[in-house]
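*Asks:* Turn this into a structure:
(one chain, ligands or ions: 1)
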Amino acid sequence: MPKSSKANIAERVVSAILSHDLKPGARLGEQELGNLFGVSRTLVRQALIELQSRGFVEVRPRMGWFVVEPSFEEARETYAARRIIEPGMLMDSGKPLQSVIRDLRKHVAQEKTAIVTGSPATRTVLLADFHVCLAENLGNRFLSAMMVDLSARTTLVSALYQSTTEAQDSNEDHANIVAAIAAGDMKEAGILMRDHINRLEARLDQSLAQTGTSRERMLSKLMEVPSRNRKG
Ligand SMILES: [Zn+2]
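*Replies:* Alright, predicted model coming up:
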């Protein structure tokens, strides 16, 4: 039954990350997920192992599974990856079909409405979804799968290291990118995308990192002891 397959469970966990229902550091009980999806703990565990290899969940000894809390370095690497992939994807493709342009315009209009009337969560989800939408329409299947992962990772990263979303600016950036695509200027669209990603990255703020840094500090403390002993 495809509904309860390992891939389907993994996909639903990633969707929950994208929709902010699962936040960084959230605990994932095997039994709970099993009940939720109506599948065995074995199947849940297999899905979690897949998600672990994709870097979304981790096992903490004797505590179970948790959604990862990316480090600040990983946050920067997430944007660095997007800076290479997303403009490249635009520059590599030809002008898309008119129906794709229409869908992209519709998406940007929905973002605009959500900024005025929607909840902050709806707004953030829509803004992130623009990038997945673009990849699904312009990229090949590998690139769109990559963009789903990078988008989910960006969601985790921004929950930890970004206080403001500046939704208005992002919406305008998206509108400009779609305008360049509609004009058939894919090179310009790529340049606008690179600038957009740079702006998003510039809003990363290491001082916001409560969980991340405290954990890293603790880990680096634990690492320090043996070396000091060795020297002494
Ligand atoms: Zn964006």
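
*Asks:* ok, residue 127 touching residue 173?
*Replies:* No - counting by Cβ atoms under 8 Å, residue 127 does not reach residue 173; the two are 9.6 Å apart. For the C-beta atoms, the positions are set from N, CA and C on the backbone; glycine is no exception.

*Asks:* How many residues are close by residue 36?
*Replies:* 12 (other Cβ atoms under 10 Å).

*Asks:* And the next helix or strand past the helix or strand containing it?
*Replies:* Per DSSP states H and E: residue 36 is located in helix 30-37. Moving toward the C-terminus from helix 30-37, the next helix or strand (DSSP H and E) is helix 41-53.

*Asks:* Just the C-alphas of that following helix, formatted as PDB.
*Replies:* Extracted in PDB, the C-alpha atoms of helix 41-53 (Å, rounded to 0.1, in the frame of the first residue of the first chain):
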ATOM      1  CA  ARG A  41       7.500   0.800  14.400                       C
ATOM      2  CA  THR A  42       9.900  -1.000  12.100                       C
ATOM      3  CA  LEU A  43       8.600   0.900   9.100                       C
ATOM      4  CA  VAL A  44       8.700   4.200  11.000                       C
ATOM      5  CA  ARG A  45      12.300   3.400  12.000                       C
ATOM      6  CA  GLN A  46      13.200   2.800   8.400                       C
ATOM      7  CA  ALA A  47      11.700   6.100   7.400                       C
ATOM      8  CA  LEU A  48      13.600   7.900  10.200                       C
ATOM      9  CA  ILE A  49      16.900   6.200   9.100                       C
ATOM     10  CA  GLU A  50      16.300   7.600   5.600                       C
ATOM     11  CA  LEU A  51      15.600  11.000   7.000                       C
ATOM     12  CA  GLN A  52      18.700  10.800   9.100                       C
ATOM     13  CA  SER A  53      20.800  10.200   6.000                       C
END
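
*Asks:* quick one, helices of this protein?
*Replies:* Applying DSSP state H to the chain gives helices spanning 6-18, 30-37, 41-53, 72-92, 98-117, 120-138, 141-161, 167-182, 186-202, 210-231.

*Asks:* Looking at those, spot the one closest to residue 63.
*Replies:* The closest of those to residue 63 is helix 30-37. By Cβ to Cβ, the value is 12.1 Å.

*Asks:* Next, the angle from that closest one to helix 41-53.
*Replies:* Relative orientation of helix 30-37 and helix 41-53, computed by axes from the mean of the first three to the mean of the last three Cα atoms, to 10 degrees: 100 degrees.

*Asks:* could I get the helices of the chain as a markdown table with distance to residue 63 and mean pLDDT?
*Replies:* Shown next, in a markdown table, are those (distance: least, Cβ to Cβ, whole Å; pLDDT from 0 to 100):
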| stretch | distance to residue 63 | mean pLDDT |
| --- | --- | --- |
| helix 6-18 | 18 | 90 |
| helix 30-37 | 12 | 89 |
| helix 41-53 | 14 | 94 |
| helix 72-92 | 21 | 95 |
| helix 98-117 | 37 | 95 |
| helix 120-138 | 28 | 90 |
| helix 141-161 | 19 | 92 |
| helix 167-182 | 36 | 96 |
| helix 186-202 | 32 | 97 |
| helix 210-231 | 13 | 50 |
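
*Asks:* Residue 62: which of those is closest?
*Replies:* Closest approach to residue 62 among the helices of the chain (Cβ to Cβ): helix 30-37, 13.8 Å.

*Asks:* what residues does the closest one touch?
*Replies:* Contact with helix 30-37 is made by 4, 8-9, 12-13, 40-41, 43-45, 47-48, 64-65, as judged by Cβ atoms under 8 Å, 6 or more residues apart in numbering.
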